[in-house]
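1. pasted the sequence and its predicted model underneath.
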Amino acid sequence: TTFYRRLTAAFMLTALVPLLSLAYFVSRFTRQEFEHVITTSGLASLQVARRVAEDYIVVSGQDDAPALDDDVVFWLSRVVRQDLNVYQGADLLATSMRELYASALMNTRLDGDIYRALYLDREPFKQDEDPIGGVGYLTLSAPMKVDRKGSIGAISIPLSAHRRAVERKAEEVEGAILISTCLTILLLAVVGWRVARRISGPIALLADAARRVEKGDLDVRVSAAAHHEIGFLVEAFNRMAQSLRGQREDLRRRRDYIERILARATTGVVSIDSGGEVITINPAAEGLLSAGGVTLRPGASLPEWLEREPSLKPLHSSLLQALSAAEDREAELAVTREGSERRLRAIFLPFAPGDGAPSGRIILLEDITDIVRSGRLAAWAEMARRIAHEVKNPLTPIQLSVDHVRRLWDAGDSRFGEVLVQCLDNIQGQVRVLRRIASEFSAYARIPRLQAVATAVEAIVDDALGPYAAAPPPGIAVTRAIPRGLPRVLADRAVIVRAMVNLIENALQAMPSGGTLSVGAMLLDGPGSVPSVRIEVRDTGTGVDPSLRERIFEPYFSTKSGGTGLGLAIARRAVEEHGGRMAIESRPGEGTAVTLDLPTAGSDAGDPPR
């Protein structure tokens, strides 16, 4: 309603201002035109009267007798149909209205302004208005000869009758203008009302519908009949409301779908805000985080809950670290639940709760105890299979040698002594193979207790590469690129050197036809990461097939005949025991690059486990 009234008022004001201005200027112009008509007609009558009077003076009377008197002037007034007054100097000489002057209603003296204008300023005529009895008396005067001697006087005609007629006409015109203006205003009011109703009606319906949408009623539709832009707006609103309803239904279905998944998922899901307060939690997480028969509920503080429960202290520490970091974090923890140790995998994902609130966290908790146990059993089964396979290979020639010696002994063969020596040599060789296999398995199963100290990277590279650089194999070029100023790394020098020697041996075996062996180092110090030093061993050999690259560090996997497949696995485990990381990049025919990332001596995160 307010909009409708404002729109009507604005329309009326917009139309009334120019309309009233036009009426005012038309009325004013009409009056000016009528005044001009009065003056023009008066001058015409005055000119005729003056010409007739001057002609009469020329043809009548004597030079010393006055030619004009009241009778002559009265006759002249009938000729020009205007009352006349003739003045000689400032005094009235003759008039057609003697009774008005005789009754003292009018002054017989010429008005001072007219006298000055005609006699002194020599103006051709003078129009003046004198108040007589409270009414304006308009006259038009002009100079003329009043006798045959050529004396200059003044002739004057009253214009009051003309003015009254003009006033009546002006009033009639102004009345017509007023009636037209009122009718136009009324018409504009009706048109403005209709236009405002056509515009404000759909807008009012849209405003009411928008308020209903704000309250959640997305079934509302606007059915106002409108055209052009208003109609487009109504159609757009209806489409928007329909789209919002569809989106809400889709969100409801998605929410129900997610809630069903979370309610039945074995993985615990907890969402918390930036202060650690629980927003949502699913049944699996409630079971994993319950303590003393009390279940964690939304609204509780997760850090305080974990801090009060001693068995969940490892998860509490990981949560505090995740809240202080901006990126995703993952941790594998050992917690005590119901008197037994359980392995949990916790993943912390940042998320924004909305409304401009600070970032919170989504915590995924998974009990991987059975998975770890199954993995260990599978690993032991695989190890037993590999050990049986590796041990069976040397046992077969040993068994064959013993059987051969027994047959020669039973047959009393003269070659028994010679064959016995050969078989014993073969048995001793296979025993050495068994001892080497046992040693490698033992080395992989147990890394010696590390003696980690601050060690120069250059010293580690020199120990590992020195013998090969001094006497490289035929066709092999050895290069070394260690920049100065690298920080020391926290490492057991002997263990890392053995790991590098293993990498160098593999690189040399990958270049049977010769090539280049390159060893380099660089500092890794990216934002948000732990400072570390990267050592790279690169060759130009045959490379590794992409299908085998993911298995290259698996125990007992080897691409060479006669190997146990433990060399790279032992080297990788040695690096990981130092808190580092080993990776491989390779393309067939372009060579291979193996990198070792070791924490610097000043990094607490890089301290190796003991």
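-> Everything's here; your move. Residues are numbered from 1 along each chain as shown.

2. immediately after the host helix or strand of residue 575, which helix or strand?
-> If you go by DSSP states H and E, residue 575 is part of helix 567-577. Using DSSP H and E, the next helix or strand after helix 567-577 towards the C-terminus is strand 581-587.

3. by how many degrees do the next helix or strand after that following strand and helix 567-577 diverge?
-> Once strand 581-587 ends, the next helix or strand along the chain (criterion: DSSP H and E) is strand 591-599. For strand 591-599 against helix 567-577, the angle by axes from the mean of the first three to the mean of the last three CA atoms, to 10 degrees is 20 degrees.

4. what packs against strand 591-599?
-> Applying 3 or more CB pairs under 8 Å, 6 or more residues apart in numbering; DSSP states H and E, we find strand 591-599 packed against strand 489-491, helix 493-509, strand 532-539, helix 567-577, strand 581-587. Just so you know, the C-beta spots here come from the backbone N, C-alpha and C atoms, and that holds for glycine as well.

5. any idea of the angle the helix or strand following the longest one forms with strand 591-599?
-> Toward the C-terminal end, the helix or strand that comes next after helix 493-509 (DSSP H and E) is strand 515-524. Taking the same axes, to 10 degrees, one finds that strand 515-524 is oriented at 30 degrees with respect to strand 591-599.

6. quick one, strand 515-524 and helix 493-509 angle?
-> Going by the same axes, to 10 degrees, strand 515-524 is angled at 140 degrees with respect to helix 493-509.

7. buried residues, strand 515-524. List them.
-> Buried positions in strand 515-524, judged by neighbour count with 16 or more other CB atoms under 10 Å: 515-521.

8. now do stretch 182-193
-> Neighbour count says stretch 182-193 has 184-185, 188, 192 buried, by 16+ other CB under 10 Å.

9. could you dump these to CSV with pLDDT?
-> Putting the buried residues of stretch 182-193 into CSV (pLDDT from 0 to 100) gives the following:
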residue, pLDDT
184, 81
185, 79
188, 76
192, 72
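
10. can you redo the helices and strands packed on strand 591-599 as CSV with mean neighbour count and mean pLDDT?
-> Compiled in CSV, the helices and strands packed on strand 591-599 are given as follows (neighbours: other CB atoms under 10 Å; pLDDT from 0 to 100):
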stretch, mean neighbour count, mean pLDDT
strand 489-491, 27, 88
helix 493-509, 20, 85
strand 532-539, 22, 91
helix 567-577, 21, 77
strand 581-587, 17, 85
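
11. distance between the lengthiest helix in the chain and the chain's centre?
-> In the chain, with assignment by DSSP state H, the single longest helix is helix 2-59. Its chain's C-alpha centre and that of helix 2-59 lie 64 Å apart, by CA atoms, centre = their mean, to the nearest Å.

12. which helices and strands does it pack with?
-> Helix 2-59 packs on helix 70-80, strand 135-145, strand 152-158, helix 160-214, going by 3+ CB pairs under 8 Å, 6+ apart.

13. quick check on residue 105: phi, psi?
-> Note on residue 105: its backbone torsions stand at phi -80, psi -30 [degrees, to the nearest 10].

14. got a pLDDT number for it?
-> Residue 105 is assigned 71 on the pLDDT scale.

15. measure it to residue 286 for me?
-> According to CB to CB, to the nearest Å, residue 105 and residue 286 sit 118 Å apart.

16. closest one to residue 238 among the helices and strands packed on strand 591-599?
-> Residue 238 lies closest to strand 581-587 among the helices and strands packed on strand 591-599, at 58.3 Å (CB to CB).

17. tell me the angle of that closest one relative to helix 493-509?
-> Counting by the same axes, to 10 degrees, strand 581-587 lies at 10 degrees to helix 493-509.

18. burial count for the closest residue to residue 475 other than its chain neighbours?
-> Nearest residue to residue 475 in three dimensions, chain neighbours excluded: residue 514, at 2.5 Å (CB to CB, 6 or more residues apart in numbering). Using other CB atoms under 10 Å, residue 514 is surrounded by 13 other residues.

19. which ones are touching the closest residue to residue 15 other than its chain neighbours?
-> Leaving aside its sequence neighbours, residue 15 sits nearest to residue 188 (CB to CB, 6+ apart; 4.6 Å). Contacts for residue 188 (CB atoms under 8 Å, 6 or more residues apart in numbering) come out as 11-12, 15-16, 19.
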